[in-house]
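Peer 1: got a sequence here, can you model it:
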Amino acid sequence: SDLLPEDLFNPDAGSRASDEAPDPEVSSATVSNVVFYLKTLRAPSRRDEGHPDVLVGEQLFSAIGCAACHVPMLRTGASEIAVLDRVQFYPYTDLLLHDMGPELDDGYTEGIALTSEWRTPPLWGIGIQDAFQGGETFFLHDGRARTLADAIGLHGGEGAAARGVYQALSADDQARLIRFLESL
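Peer 2: Purely as a prediction, here's the structure:
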């Protein structure tokens, strides 16, 4: 694209030779259309948000410290798109890097992040992932957790305290918290 007009290459794989297509291969108009589409894509709708177990699970989510990083509500900045201009939305993230400890340290890094640092992923839509992953669920950055409880159990570092409180909850309260997450 005009934003990155040269082909990417891997110096370990050979020379800077590129493909036969003239650069830029993607027009600025196409990039702009994709950006507009992504900006205006509707967030997944909540499910069962009035169910008593979901309501208790939501309270537990905040009470045990999950909402410190998975912040429920954010506000957009100024936008020329009226429906996106300074509105509240509920992604359940702070979009920041957090040290998640050795449990999630996979030895790889992106940019200047430490190998144990991960951006808090938005949780909206997490309850419908199985519908989009072939009927199976894969959680965390590398898909190593197959259940939400497994994903919580792998929170270390800055997430260790919330994990510990979750693990100390009764089985019924753990199920309520999971039911809340599945409503997102």
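Peer 1: where in the chain is pLDDT low?
Peer 2: 7-19 (pLDDT under 70).
Peer 1: all the strands of it, residue numbers only.
Peer 2: Using DSSP state E, the strands of the chain run over 74-75, 88-89, 97-99, 117-119.
Peer 1: so in that sheet, which strands flank the last one, and in what orientation?
Peer 2: Within its sheet, and counting by DSSP bridges, strand 117-119 is paired with strand 97-99 (antiparallel).
Peer 1: among the strands of the chain, which is nearest Leu3?
Peer 2: Smallest distance to Leu3 across the strands of the chain (C-beta to C-beta): 21.8 Å, for strand 117-119. (C-beta placed from N, C-alpha, C; glycine too.)
Peer 1: residue ranges of the helices in the chain, please?
Peer 2: 28-40, 52-63, 148-153, 160-168, 171-183 (DSSP state H).
Peer 1: quick revisit: which one of the strands of the chain lies nearest to Glu158?
Peer 2: strand 97-99 (4.5 Å).
Peer 1: that closest one: how far from the chain's middle?
Peer 2: On the basis of C-alpha atoms, centre = their mean, to the nearest Å, strand 97-99 sits 13 Å off its chain's mean C-alpha point.
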